[in-house]
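[1] Return a 3D structure for these sequence lines:
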Amino acid sequence: MTIHANRRDFIRGLGLSAAALPFITNLPGTAFANQQRRKQRLVIMFSPNGVVPTTFWPDAEGNLANVTLKDSLSPLEPYKSRMLTLHGVCDRVRGDGDAHMRGMGCLLTGVELFPGNVQGGSDTPAGWARGISIDQEIKTHLQADAATRTRFGSLEFGVMVPNRADTWTRMVYAGGNRPISPIDDPYQMFNRLYGRMRDQATVGSVLDDVRNDLQRLSGAIGTDDRRLLEQHATFVREMEQDLRSTPAVGHAVPQLEPNVRNENNNIPRTSRMQIDLMVNSFVNDFSRVATLQYTNSVGMARMNWLNVTEGHHELSHRPDTDRTAQEQLTRINRWFCEQLAYLTRRLAETPEPGGTGTLLDNTVIVWTNELGKGNSHTLDNIPFVVVGNGVDFRMGRSLRYNRVPHNRLLLALAHGFGHRLARFGNPNFCGDGVLSNLT
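    You can find the predicted model right below:
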């Protein structure tokens, strides 16, 4: 196959339209597929309102091989050799705002909130975070190098994130006072990836638009590239069919209907659709950084599909002596872990295009929360569970620390991507450098 200097020459040489670009970005045989360097990826997954420590954390430090994971983490049992649990990592950032606000706004930024007029459960209202979040810091680092630059840089997925914009609903920041909204409607995310708005009544097909282009391209590429192209096209077709079949929500939504994010009982369906879109975006190298945010700090979801009818946040305030509440909260966190396990499985079963191994071999997932425990609102022992082999952490272990600032974990993630920051967020919490014992 002729090697073309850039995408424009490649497209012009085959007579393709720009609409075909998403289908050819990551074909290994094309000149602009990034093949020279390992494609490291970062996913940060958020779920709210703390955990039940007794059903979440392994009892002892050390190798997980001979440990049966507790109920909340049990869906990850098949992936114990590829996971880390980090107990004792704490959000030490203080200042304005209540614990939910600081837990959310400082979670990925590691820095204080600005003063503001959002009043929570504390004496001091607050505003947005003062600095960039670690996912965006890593994205900027990757986008600065042509060898690791991707079409979008980062993708922010959401599941039932409220429409309102405040400190409880945003964890991703492009900089101080610059929150980034997650996209929690699969229709909107599909439109972002493939460039065409669609709704249930008038849904068309991206593939219909580029059919002739794809046929022309198929004849000009090798067997392996043709197989990847066919797999990608099959995914897009199946996603379009899935979007068509989603039931309407029963109220008008401008341009996009149904708007799945506003249907509490559609949360499981939306979760799977968003995860599938994320994996597909990695296959096609649309992005190497992604976040997946379930609801928000003080999340009010009602997990009816788990036979839990009380709102998540209200339930998290119940005392430890309320055994029913503790069991239901454990069930909720196990469900969130099931979503993580589904993402892990999808990555593990998907070959790395143009490389060796699977997507999971090159992806690190960090599952976290704004609180360590809901009824105490503690910012100690923030849940951090790491899965995958995208950075050179030694996996398959339960680690325990003595109230170390979570800034040091954020630093370690940056270093794992070759971004050798000396500090991140509040420098007062970075004096001891990257978190120890990870590598």
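[2] Can you report phi and psi for Leu113?
    Torsion angles at Leu113 (phi, psi; degrees, to the nearest 10) stand at phi -80, psi 150.
[3] Pairing-wise in the sheet, spell out the partners of it.
    When bridges are called by DSSP bridges, Leu113 pairs up with Ala129.
[4] just checking, it touches Gly127?
    Yes - shown here, Leu113 and Gly127 form a contact pair, counting by C-beta atoms under 8 Å, at 6.1 Å. The way it works is simple: take the backbone N, C-alpha and C, and place the C-beta from them, glycine included.
[5] more neighbours, the two?
    Counted by other C-beta atoms under 10 Å, Leu113 and Gly127 do not tie: Leu113 has more neighbours, with 26 against 20.
[6] where does that one land on pLDDT?
    Listed pLDDT for Leu113 reads 97.
[7] how near is it to Cys106?
    Using C-beta to C-beta, to the nearest Å, we find Leu113 at a distance of 7 Å from Cys106.
[8] what do the two both touch?
    Taking C-beta atoms under 8 Å, 6 or more residues apart in numbering as the contact rule, Leu113 and Cys106 both touch Ala129.
[9] still on that earlier bit, can you list residues touching both of Leu113 and Gly127?
    Asp96, Thr167.
[10] the helices in the stretch 101-250 of the chain, which residues?
    Applying DSSP state H, counting those that start in this stretch to the stretch 101-250 of the chain gives helices spanning 134-143, 186-194, 206-218, 223-245.
[11] What angle do helix 206-218 and the last one make with each other?
    With axes from the mean of the first three to the mean of the last three C-alpha atoms, to 10 degrees applied, the angle from helix 223-245 to helix 206-218 works out at 170 degrees.
[12] what is the rounded mean pLDDT of the helix or strand following helix 223-245?
    Once helix 223-245 ends, the next helix or strand along the chain (criterion: DSSP states H and E) is helix 267-283. Per-residue pLDDT over helix 267-283 has a mean of 93.
[13] Identify each buried residue in helix 267-283, please.
    For helix 267-283, a neighbour-count test (16 or more other C-beta atoms under 10 Å) marks 267, 269-283 as buried.
[14] which pair in the residues you listed spans the largest distance?
    Across the buried residues of helix 267-283, the longest distance by C-beta to C-beta is 24.7 Å; it joins Ile267 and Val283.
[15] Pull the contacting residues for Ser316.
    Asn49, Gly50, Leu329, Gly374, Asn375.
[16] how about a cut-off of 6 Å?
    Listed by C-beta atoms under 6 Å, 6 or more residues apart in numbering, the contact set of Ser316 reads Asn49, Gly50, Gly374.
[17] Quickly note the distance from the second one to Ile134.
    Relative to Ile134, Gly50 is positioned 21 Å away (C-beta to C-beta).
[18] Just give the nearest non-adjacent residue to Leu86, would you?
    Phe384 (4.2 Å; C-beta to C-beta, 6 or more residues apart in numbering).
[19] Just give me the neighbour total for that neighbour.
    Residues lying near Phe384 (other C-beta under 10 Å) number 19.
[20] just curious, which of the buried residues of helix 267-283 is nearest to Arg394?
    Phe282 (23.6 Å).
[21] ok, the closest one - contacts?
    Arg41, Leu359.
[22] one more time with 10 Å
    Contact analysis of Phe282 by C-beta atoms under 10 Å, 6 or more residues apart in numbering lists 26, 39, 41, 43, 150, 155, 288, 290, 346-347, 350, 352-353, 359, 362-363.
[23] returning to that earlier point: nearest to Leu315 among the buried residues of helix 267-283?
    Comparing the buried residues of helix 267-283 against Leu315 with C-beta to C-beta places Ile267 closest, at 15.5 Å.
[24] Would you agree that closest one is in contact with Ala301?
    Yes - counting by C-beta atoms under 10 Å, Ala301 is a contact partner of Ile267 at 6.3 Å.
[25] so what's in contact with these two at the same time?
    Listed as contacting both Ile267 and Ala301 by C-beta under 10 Å, 6+ apart are Val159, Met160, Tyr294, Thr295.
[26] Most neighbours among those residues, which one is it?
    Using other C-beta under 10 Å as the neighbour test, the shared contacts of Ile267 and Ala301 are led by Val159, with 28 neighbours.
[27] Any idea what that residue is bridged to?
    Legend: beta-bridge partners of Val159 under DSSP bridges are Tyr294.
[28] so who does it touch?
    Residues counted as contacts of Val159 (C-beta under 10 Å, 6+ apart) are 46-47, 182, 184-186, 260-261, 266-275, 292-295, 301, 339.
[29] do the same with Glu238
    Asp276.
[30] Same check on Asn426?
    Taking C-beta under 10 Å, 6+ apart, one finds 92-95, 106, 109-112, 130-131, 405, 407 in contact with Asn426.
[31] tell me the contacts of the nearest residue to Gly131 once chain neighbours are set aside?
    Counting by C-beta to C-beta, 6+ apart, Gly131 lies nearest to Val111, which is 4.2 Å off, once chain neighbours are set aside. By C-beta under 10 Å, 6+ apart, the contact set of Val111 is 93, 95, 105, 129-133, 173, 176, 407, 424-427, 429.
[32] His312 now?
    For His312, the contact set (C-beta under 10 Å, 6+ apart) comprises 47-49, 294-295, 298-303, 328-329, 332-333, 374.
[33] roughly how far apart are it and Val236?
    Distance from His312 to Val236, by C-beta to C-beta: 34 Å.
[34] Stretch 84-95: which residues count as buried?
    Leu84, Thr85, Leu86, His87, Gly88, Val89, Cys90, Asp91, Arg92, Val93, Gly95.
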